[in-house]
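In: pasting the structure only:
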């Protein structure tokens, strides 16, 4: 019975995906290299040719620092140039270089209006042959997100939208539906405890709030290292390779 | 003033013969330079002026006022004094530029009448004889003439007076015929029936680009700036300029740049001629593409950079500068410039967001070299749980004298909620020579 059911479900999935994908997609996904996170993502990683959304939590909704660095870490691990569209030029490149994103790879496109950022992102996605296109945006309406998702699907370029609001109270906009494939919230958490006074490796609370054909999850991770990789602190902190479950505070 | 009278007024006056021919040649050279710099439609105006149609070109220079200032400054740097004016019409701008005593003037939209009413008749671009005769009749200013019934004037002075007045107030169009030289690569297409539909315009733009590229190929050139000039049935012209970061001779690339903006063309009653001009061209050698077994394809993103640039976005890359002062350690370089291999040498963590200017905070801290116990930033009090530092940064006395003794001590602090900030104390905490000992937040970590 269960074998029949699995077969039917697999068949249905195949038919749905054949309806969904008009253009040939760049095959594969970009895995995080963390088995626990890759397991909850369909395909085993962040899909190329799709829109992914990132927002900060708490004060991070305004500065978007953790979300931007997380997106930069993902962009680092793609191949090819990165186009970064923004309106507020307060990104400090040395920090991005510290997660392995070389300054030569990043082309910044600064415009005055919010709508231009969306248009520029779409243009860059349609151009193809880029590693990833990052955009720092306040509002992401359904129609605009759909444009981005379709443009990304067509060329197989990864679209990363870093949501950044003017005020913390505006951030409930993040609950609105968009066409993005995954949606993440990255909040800062106290850093790893060191045996001596000082600030250890930063930790983030990573919430996977929405994923197409998948389930939500949350992780406490160590921030991007110099290769742009995140990891679960349980493995790096105590050095033992015991596979403990991730800690879920709150 | 006659030469003899001038010599009587000033002792030791040096006299140089006027050389109208050389002046005209020089003016033409300047005009042609202005064509490549400022606007697609530029022409020589009289014997002593240049006229430009800056519509749709000023935003590339940051607006009308910055553009005017820049023009005046660029000429001043070459030792030439200019008077620059922007107005709704050629006539008004011509009169204002010659009447003002300042360097620049901008006549706001629709204010032409008020701007020119007090100006003398001689600025109306009429023949000297007509101006003299009108003066004899008692007309002094333009407004006096404009408010007089036109019928009695025409039999006596001809249609010229009315025409010049109409041109000044914008009642008659006065298209500017742009300057051209022989070596300019130019292709054009005239239409027997005026066209207007967007698809038709796009189709012919595509064909013109193909022609232009053929012509460029023959001469071994690539374009840096290309203008599309659209002549309409009612005698007006509209121009679109597209720039590229590198010399280009690619049909798809150029077509994309123009098709991106053909929606800006207002066909009005129809377009009767379209011209494509390569205003600025540079030699472009054929490069052989070697097919290698190993796939090391370098992706050229210059066409994408051009699309952004022509839309008015600022496109740049960031390159390191050898400076310890954080805000000076980055500089913007052109997006299409050669790769800079170097990167920042940072053993210390750097914040993702750097505040545009450091924000002062209230703190409680043990001097001289302890991090604060708490800080109040943007109205919120944070208890500092962990901190790293100090990282001492010295002023760059070789850059400016005031930084001779300046010191900043940077700390990375983390509060109870896990928010990490980059703060610094101005001064070393002992000597007030080195700074004010006030504390500032300078960046936000992830």
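Out: Cool, got the structure. None of the values given here were measured: they were computed from a predicted structure. Numbering: from 1, shown residues only, chains lettered A, B, ... in the order given.
In: C-alpha only now, for contacts and for neighbours.
Out: Will do.
In: and residue A:180, helix, strand or coil?
Out: coil (DSSP: H, G, I helix; E, B strand; the rest coil).
In: Hmm, it is touching residue A:54, no?
Out: No - using Cα atoms under 8 Å, residue A:180 is not in contact with residue A:54, being 10.2 Å away.
In: Checking my notes, residue A:4 in a helix, right?
Out: Yes - Residue A:4: assigned to a helix according to three-state DSSP.
In: Run a quick neighbour tally on it.
Out: As a burial measure, residue A:4 scores 9 neighbours (other Cα atoms under 10 Å in any protein chain shown).
In: so what's residue A:223 up against?
Out: Going by Cα atoms under 8 Å, 6 or more residues apart in numbering or on different chains, residue A:223 touches A:70, A:201, A:202, A:203, A:204, A:229, A:230, A:231.
In: Now it: phi and psi?
Out: The phi/psi pair for residue A:223 (degrees, to the nearest 10) reads phi -60, psi 170.
In: same thing with residue B:282?
Out: phi -130, psi 150.
In: correct me, but it touches residue B:221?
Out: Yes - at 5.5 Å, residue B:282 counts as touching residue B:221 under the criterion of Cα under 8 Å.
In: Those two: which has the busier surroundings?
Out: Taking other Cα under 10 Å, residue B:282 and residue B:221 do not tie; residue B:221 has more neighbours (22 against 16).
In: Tell me where chain A has strands.
Out: Along chain A, counting by DSSP state E, strands occupy A:29-30, A:46-47, A:51-56, A:82-86, A:106-110, A:132-137, A:158-163, A:182-189, A:203-211, A:217-222.
In: okay, and the common contacts of residue B:282 and residue B:221?
Out: Common contacts of residue B:282 and residue B:221, defined by Cα under 8 Å, 6+ apart, comprise residue B:247.
In: out of the contacts of residue A:223, which are inside helices?
Out: Using DSSP state H, the subset of the contacts of residue A:223 located in helices is residue A:70.
In: Could you single out the nearest of the contacts of residue A:223 to residue B:33?
Out: Among the contacts of residue A:223, residue A:70 lies closest to residue B:33 (Cα to Cα), at 47.9 Å.
In: What about that closest one, how many residues nearby?
Out: 27.
In: Could you find the closest non-adjacent residue to it?
Out: Nearest non-adjacent residue to residue A:70, counting by Cα to Cα, 6 or more residues apart in numbering or on different chains: residue A:224, 6.8 Å away.
In: Around chain B, which positions in chain A sit nearby?
Out: With the criterion set to Cα under 8 Å from any Cα of the partner chain, chain A comes near chain B through A:63, A:65-69, A:80, A:90-98, A:102-104, A:106-112, A:120, A:123-124, A:127, A:129, A:188-191, A:197-199, A:202.
In: What's the ChimeraX syntax to select whichever of these are buried?
Out: Applied in ChimeraX, the following selects the buried portion of those according to 16 or more other Cα atoms under 10 Å in any protein chain shown:
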select /A:63,65,66,67,68,69,80,91,92,93,94,95,96,97,98,102,103,104,106,107,108,109,110,111,120,123,124,127,129,188,189,190,191,198,199,202
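In: coming back round to it: export the strands of chain A to TSV and tack on distance to residue B:100 and mean pLDDT?
Out: Shown next, in TSV, are these (distance: least, Cα to Cα, whole Å; pLDDT from 0 to 100):
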stretch	distance to residue B:100	mean pLDDT
strand A:29-30	65	87
strand A:46-47	64	90
strand A:51-56	55	93
strand A:82-86	42	94
strand A:106-110	38	93
strand A:132-137	46	94
strand A:158-163	51	94
strand A:182-189	60	93
strand A:203-211	63	91
strand A:217-222	66	91
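In: so which of these gets nearest residue B:58?
Out: Short answer: strand A:106-110, nearest of those by Cα to Cα, at 18.6 Å.
In: list the contacts for the closest residue to residue A:77 other than its chain neighbours?
Out: Nearest residue to residue A:77 in three dimensions, chain neighbours excluded: residue A:228, at 6.7 Å (Cα to Cα, 6+ apart). If a contact means Cα under 8 Å, 6+ apart, then residue A:228 has A:70, A:72, A:73, A:74, A:76, A:77, A:99, A:100, A:101 as its contacts.
In: how about TSV for the residues you listed, with pLDDT added?
Out: Below are these laid out as TSV (pLDDT from 0 to 100):
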residue	pLDDT
A:70	94
A:72	94
A:73	93
A:74	93
A:76	93
A:77	91
A:99	91
A:100	90
A:101	91
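In: tell me which of these is nearest to chain B?
Out: Distance to chain B across the contacts of residue A:228 (Cα to the nearest Cα) is lowest for residue A:70, with 8.6 Å.
In: Hmm, residue A:225 and the closest one touching each other?
Out: No - the criterion here is Cα under 8 Å, and residue A:70 misses it with residue A:225 at 10.3 Å.
In: in chain A, which helix or strand is least confident?
Out: Lowest mean confidence among the helices and strands of chain A (mean pLDDT, DSSP states H and E): helix A:233-237, at a mean of 55.
In: Give the burial count for the residue lying closest to residue B:99 once chain neighbours are set aside, as a bare number.
Out: Closest residue to residue B:99 apart from its sequence neighbours, by Cα to Cα, 6+ apart: residue B:119 at 7.2 Å. Residue B:119 sits with 19 neighbouring residues when counted by other Cα under 10 Å.
In: Report the contact partners of residue B:119.
Out: B:95, B:99, B:141, B:142, B:143 are the contacts of residue B:119 under Cα under 8 Å, 6+ apart.
In: So out of everything in the stretch 101-250 of chain B, what residue is nearest chain A?
Out: Across the stretch 101-250 of chain B, the shortest distance to chain A (Cα to the nearest Cα) belongs to residue B:245, at 13.7 Å.
In: How is that residue assigned, secondary-structure-wise?
Out: Assignment for residue B:245 (three-state DSSP): strand.
In: For whichever strand or helix holds residue B:412, what does the pLDDT average out to?
Out: Here residue B:412, judged by DSSP states H and E, is contained in strand B:407-415. Strand B:407-415 shows a mean pLDDT of 92.
In: what packs against whatever helix or strand comes next after it?
Out: Later in the chain than strand B:407-415, the nearest helix or strand by DSSP H and E is strand B:420-426. Judged by 3 or more Cα pairs under 8 Å, 6 or more residues apart in numbering or on different chains; DSSP states H and E, strand B:420-426 is in contact with strand B:407-415, strand B:439-444.
In: try it again with 10 Å
Out: Under the contact criterion of 3 or more Cα pairs under 10 Å, 6 or more residues apart in numbering or on different chains; DSSP states H and E, strand B:420-426 touches strand B:353-365, strand B:372-377, strand B:380-394, strand B:407-415, strand B:439-444.
In: Just send those back as JSON lines, with distance to residue B:41 and mean neighbour count too.
Out: What follows is the helices and strands packed on strand B:420-426, written out as JSON lines (distance: least, Cα to Cα, whole Å; neighbours: other Cα atoms under 10 Å in any protein chain shown):
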{"stretch": "strand B:353-365", "distance to residue B:41": "39", "mean neighbour count": "17"}
{"stretch": "strand B:372-377", "distance to residue B:41": "53", "mean neighbour count": "18"}
{"stretch": "strand B:380-394", "distance to residue B:41": "52", "mean neighbour count": "17"}
{"stretch": "strand B:407-415", "distance to residue B:41": "53", "mean neighbour count": "24"}
{"stretch": "strand B:439-444", "distance to residue B:41": "47", "mean neighbour count": "23"}
